Every structure is written in C-alpha cells, then in structure tokens.
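>>> Could you work out the structure for the sequence below:
(one chain, ligands or ions: 3)
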Amino acid sequence: MSYHNLTLHTDKYQINMMYAHWVNGSHKSKAVFEAFFRKLPFGNGYAVFAGLERIVNYINNLHFDDDIIAYLAEQEENYDPEFLKLLRDFRFNGNLSAVEEGAIVFANEPLIRVEGEIFEAQLVETALLNFMNFQTLIATKASRIRQVAPDDILMEFGTRRAQEADAAIWGARAAYIVGFDATSNMRAGMLFGIPSKGTHAHAWVQSHDTEEQAFIRYAEALPNQVTLLVDTYDTLRSGVPLAIKVAKAMEQQGKQMNGIRLDSGDLAYLSKTARAMFDEAGLSYVKIVASNDLDEHIIFNLKAQGARIDSWGVGTQLITAADQPSLGGVYKLVAREKDGAYVPVIKISGNPEKVSTPGIKDAYRIVSRATGKAEADYVTLAGETEAVQGQKLKLFDKLHPYLFKFVEDYDAIPLLRPIFVEGKQVYELPALEQIRRFHREQLDLFWPEYLRKLNPAIYPIDLSVKAWQQKMDLIQEHSK
Ligand SMILES: Nc1ncnc2c1ncn2[C@@H]1O[C@H](COP(=O)(O)OP(=O)(O)OP(=O)(O)O)[C@@H](O)[C@H]1O
Ligand SMILES: O=P(O)(O)OC[C@H]1O[C@H](OP(=O)(O)OP(=O)(O)O)[C@H](O)[C@@H]1O
Ligand SMILES: O=C(O)c1cccnc1
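Ligands and ions are numbered 1, 2, ... in the order given. Just a heads-up that it's a prediction; the model follows:
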C-alpha cells in the first residue's frame, strides 16, 4: 500500500456520486465548480491564497492503482466491475484555473475553478478544499504576525504542536510565503528550500551538571550559531550573566555569539533588562529571541511595552491557527451541461449570504492607474469583457445594490490563471522566492486600512451587472 497516492483522499460520497453518475450514463456530462470562502478568518481584512503547489501535484498524480481498486471492490458490493475498470484508466482531463499562491484574496470570489466531466470534477472537491483551506488559513495567520513585526526575524517553530506531519511542513511553507524568515522543521527546509534555524532546548541545559558547562559546550560545538536558552533556572541572575561570560570568551577566540532566547516570564521586562546587561558588557550585537505561546496580539503588545526583542519563534498559535482552526472554503457547482450547452445553477438558502452566485465566473482586481492601489475586485460572468476594456465601471454592493460608485482609468487584472487545460499542466509552478516576491507586490496594491489587524476597512467585492442580473433571475425562477 502506498501512503503517497492521494487519489482516495476524498469523501466516500464523491465516489458514490461518481458511481451513480456512471450508472445513469451522466458521468461524462460537463460541469463547472468554483471554490471560495464566505468569511475572512480571524476578523482579518484579507486572506492570502496558498495551496496551489500541493493541488497541482495532487492532480498530476491522480490514479486508481490496483490496491485502490481492490479496496473499493471490497468496500462496496454495488460497484460494478465495469465502473472499477473505468477508474483504472482515470486521469484528470479537465480545466483548472486558480489564483496564484501569495495572492491577496477575499470572501465570495472564485479562487479555484474546475471545469470537466462531472466524474472528475466531483472527485477532486475534498482534496482541493483540504489543501486550500489549511494553507490559506495558515498563510493568513502568519501574515497577521508579519504585519505586527514588519522588521523583525520571524521563525516558525510549530511542528511539535501541528496537526500531524503534513500540516507542519505545508504550514511552514505557508508562513514562509508571507514573509517568515525561517522554519525549525528540517524536512520543510529540505523539501522547499526554506532557511532552517534553531536554538537549543531546556533539555540541553538539564543534561549537564551546570548551566555554565552546557553553554560552554554548546558554543564549542556550534560556534557559528550560538543562541543560548537562558531561562532554565533564573534568567537574570544566572542565564544572562553566564551567556555574557560565554560571549566574552568567544570574543577572545575571534568569534561572536548570535543571541539568547527567552522562553518564559515577562518577556517585555526580561528583554529590556537583558538588553541593558548585554549593552553594558559591550555586547550590543547579541540578539534577543523570544518564544512562548506567541501570537500577533502578544507580539503587538510586547512591542507596545518597549520589549527589546529582535527575533520571534512562533509555534502553536500559528501552526494550529488556534483562534480559528479552520477556513470554511466551499466548492460549489455553478454550471452544468444540458443539451450540449452550459446552464447556470444556483443554491438557494434562507440566509441571503449563502445563496450561491450562479454561472461560470471570472474575477478581476480593479487597480486605479492614478494611485496604483486596488479599488475593488470585480466578479463577472466568464467571457464578459467590460471589465477588461477599461471603460467606466459601476461597482455596487451585492446585498445593497443602491450603494454604488463608478471607477474610471483602471487596470483590470485577472485573478484566475489557467493551471490545467484538458488535463495538461500549462502553468509553471513558481519558485518559492518568486511567490514571496509576488506576495509583497500584492500587499503594495492595498491601502493600509485594509491590512490592519483590528477592525480593518472592508474591501469591496462586486458583481458585474450581468452576473447579478442572472442571479436575480434564477432566484425568481426558483421562487415560482
Ligand atoms: N509582558 C508581557 N505582556 C503580555 N504577555 C506576555 C508578556 N510576557 C509574556 N507574555 C505571554 O504571556 C503568556 C504567559 O505564559 P505562561 O503562563 O506560560 O507563563 P510562563 O512564564 O511561560 O510560565 P512557565 O514558566 O510555566 O512557562 C505567554 O503567552 C507569553 O508569551
Ligand atoms: O510556544 P510555541 O509558540 O508553541 O513555540 C514552540 C515552543 O516549543 C518549545 O517548548 P517545549 O516546552 O516544547 O520545549 P523546550 O523544553 O525546548 O522548551 C519552545 O521552547 C517554545 O516555547
Ligand atoms: O529552535 C528552537 O529554539 C525551537 C524549535 C522548535 C520549538 N521550539 C524552539
């Protein structure tokens, strides 16, 4: 059995629907699904899209091998052997468009669009949402942390508390996309080329007769990366004075200590006092690292208290997105083939926010040429050209259509990029460094009011008149 084949990384109901379509002869009819989320996480003003690399690898490797076929046959006696034979030859042959990793995205706009035979478009829902929801969530959480510490070194320390191994490495990658500097996870370092960094644990100090002996031996063993954890016994009375002694001894050998790490107690007070002690000893180059259940709120608070912390190690709160552990991204059917053409489909709900927007859609970021800043995202029916041609555009609020404004002199930048066309990958996955650069450029498109951590301004996501009208028409039709 291979742990690496993710083809069955799907819910049973997908395979059952595939089977029922096959039984009814409808499995080859075309369908279009769109993935989006309805609410931004953490009360943030934006999210950062991530997960595409994993999705591309997943789609490229989809295949039902012998073990999977045997398992399905054993699981469900209804499955006809002919259906299983068809699965044996299954490959994804559809079209997939998506937002690029590192892009700033918002609620209620298409982030991934899958067009294909209902058979294949249905199968991939679960995995696509799994990858998009987790990685986008962690990238967004990490971005909030980056926003409060724009100039400091940020290290991702979460693996031991992550929801298992995949979450640890893809979470580390998501954090790196939005500007974390390093991860402690060596596998993420090796797989993705993320710089790896680390200090040492309390166990290192505890495994010696004295703290001093522990510090000296560590400095001798790894003279290029000496960051000593100073809080095992008494930070200010023992840890910091001993670290100063070791730093002085290193200087005698022409070497420089990197830093110390604080992992408990009042991090503002301890960092300020330790800073003064190192400066007093002529060691102002020694940096102070802090860790201990940090998140964007505590870091913001510590900075407001004048903490002298140069580098932050962030684990649990980031990798588990502890204050909101899931993003509610969904994958909705928006059009289906009927008599050889696509017809839009809608999902009605008593909750107006949950009524789906029918039809195959595109999304554009409307960027003012005068300011270089994004004015709104504009969701159109696919193939509508108004937005692209630069004429005066009416932007109106979906729930309150009487609230509107006009924009002129803008660029309309398409958000969805073709990734697969008829099953063939047409998008070259960018290097991680390129994704980081792209993310920084994306941030530059937005006024700071949309980016602030607390009570951000609401960025408009507007429907084109045609898309809105089609939605109203279908609501009317279904209410009859
Ligand atoms: N000056 C400060 N202002 C606000 N929060 C702080 C400050 N200093 C530390 N914190 C945070 O407060 C929390 C304190 O955690 P905790 O109760 O575990 O204390 P501790 O000192 O780490 O105790 P322990 O020795 O048991 O680890 C941590 O999340 C830490 O990051
Ligand atoms: O607090 P987090 O944001 O999750 O960051 C990771 C934590 O993991 C380590 O603690 P742990 O007690 O596991 O090991 P240690 O003995 O090395 O401190 C480290 O000292 C951090 O406190
Ligand atoms: O390198 C460190 O200091 C580290 C790594 C993982 C978790 N906690 C601390």
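>>> Contact residues of the chain facing ligand 3?
157, 184, 198-199, 261, 291, 313, 315 (C-beta under 6 Å from any ligand atom). Where C-beta positions appear, they are placed from N, C-alpha and C, glycine not excepted.
>>> Can you tell me which of the residues you listed are buried?
By neighbour count, with 16 or more other C-beta atoms under 10 Å, the residues of the chain next to ligand 3 hold 157, 184, 198-199, 261, 291, 313, 315 as buried.
>>> just to revisit the earlier point, let me know the closest of the residues of the chain next to ligand 3 to Thr273.
Arg261 (15.0 Å; C-beta to C-beta).
>>> So which of the buried ones among the residues of the chain next to ligand 3 belong to helices?
Here DSSP state H is the test, and these give no hits in helices at all.
>>> The stretch 101-250 of the chain: helices as residue ranges?
Assigned by DSSP state H, counting those that start in this stretch, the stretch 101-250 of the chain shows helices spanning 118-123, 125-148, 164-177, 186-192, 202-206, 211-221, 240-252.
>>> Could you give me the buried positions within the third one?
Within helix 164-177, the residues scored as buried using 16+ other C-beta under 10 Å are 167-177.
>>> Equivalent analysis for the fourth one, please.
Across helix 186-192, burial judged by 16+ other C-beta under 10 Å covers 188-189, 192.
>>> Just name the closest of the residues you listed to ligand 1, please.
Ala188 (23.6 Å; C-beta to the nearest ligand atom).
>>> right, and the closest one touches Ala172 too?
Yes. Contact between Ala188 and Ala172 holds when scored by C-beta atoms under 8 Å: they sit 3.9 Å apart.
>>> and the stretch 301-450 of the chain, which of its residues are near ligand 2?
Applying C-beta under 6 Å from any ligand atom, we find that the stretch 301-450 of the chain lies next to ligand 2 at 313-317.
>>> Mark which of those are part of strands, please.
313-314 (DSSP state E).
>>> Now distance to Met132 too, for the residues of the stretch 301-450 of the chain next to ligand 2, in JSON lines please.
Shown next, in JSON lines, are those (distance: C-beta to C-beta, whole Å):
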{"residue": "Gly313", "distance to Met132": "27"}
{"residue": "Val314", "distance to Met132": "23"}
{"residue": "Gly315", "distance to Met132": "23"}
{"residue": "Thr316", "distance to Met132": "23"}
{"residue": "Gln317", "distance to Met132": "21"}
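>>> can you redo the residues of the stretch 301-450 of the chain next to ligand 2 as CSV with distance to ligand 1?
Formatted as CSV, these follow (distance: C-beta to the nearest ligand atom, whole Å):
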residue, distance to ligand 1
Gly313, 11
Val314, 10
Gly315, 11
Thr316, 10
Gln317, 8
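>>> would you turn the residues of the stretch 301-450 of the chain next to ligand 2 into a markdown table with pLDDT and distance to Tyr71?
Shown next, in a markdown table, are these (pLDDT from 0 to 100; distance: C-beta to C-beta, whole Å):
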| residue | pLDDT | distance to Tyr71 |
| --- | --- | --- |
| Gly313 | 99 | 42 |
| Val314 | 99 | 40 |
| Gly315 | 98 | 37 |
| Thr316 | 98 | 36 |
| Gln317 | 98 | 38 |
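>>> give me the residue from the protein nearest ligand 2.
At 2.7 Å from ligand 2, Gly315 is the closest residue in the chain, using C-beta to the nearest ligand atom.
>>> Correct me if wrong: that residue contacts Gly158.
Yes. In this structure, Gly315 is within contact of Gly158 by C-beta under 8 Å, at 4.1 Å.
>>> which residues touch Gln383?
Let me fix one detail, which is that residue 383 is Gly and not Gln. Asp362 (C-beta atoms under 8 Å, 6 or more residues apart in numbering).
>>> outside of stretch 395-407, which residues touch it?
With C-beta under 8 Å, 6+ apart as the test, stretch 395-407 has contacts from 108, 352-353, 366, 368, 375-376, 378, 392-394, 460-463, 468.
>>> Going by neighbour count, list what's buried in stretch 14-24.
14-15, 17-19, 21-22.
>>> In those, find the pair that's most separated.
Largest pairwise distance in the buried residues of stretch 14-24, by C-beta to C-beta, is 12.7 Å, between Gln14 and Trp22.
>>> wait, what's in contact with the closest residue in space to Leu474 that isn't next to it in sequence?
In this structure, Leu474 finds its nearest non-sequential neighbour in Ile346, 4.4 Å apart by C-beta to C-beta, 6 or more residues apart in numbering. Ile346 makes contacts with 355-358, 471, 474-475, 478, as judged by C-beta under 8 Å, 6+ apart.
>>> Pretty sure Ile346 sits in a helix.
No. Read with DSSP: H, G, I helix; E, B strand; the rest coil, Ile346 is coil and lies in no helix.
>>> for the stretch 101-250 of the chain, what are the low-confidence residue spans?
By pLDDT under 70, the stretch 101-250 of the chain has no low-scoring segment.
>>> Dihedrals phi and psi, Gln425?
The phi/psi pair for Gln425 (degrees, to the nearest 10) reads phi -70, psi 120.
>>> Who does it form a beta bridge with?
Beta-bridge pairing for Gln425 (DSSP bridges): Phe420.
>>> Quick check, it in contact with Asn60.
Yes. Using C-beta under 8 Å, Gln425 is in contact with Asn60, at 6.4 Å.
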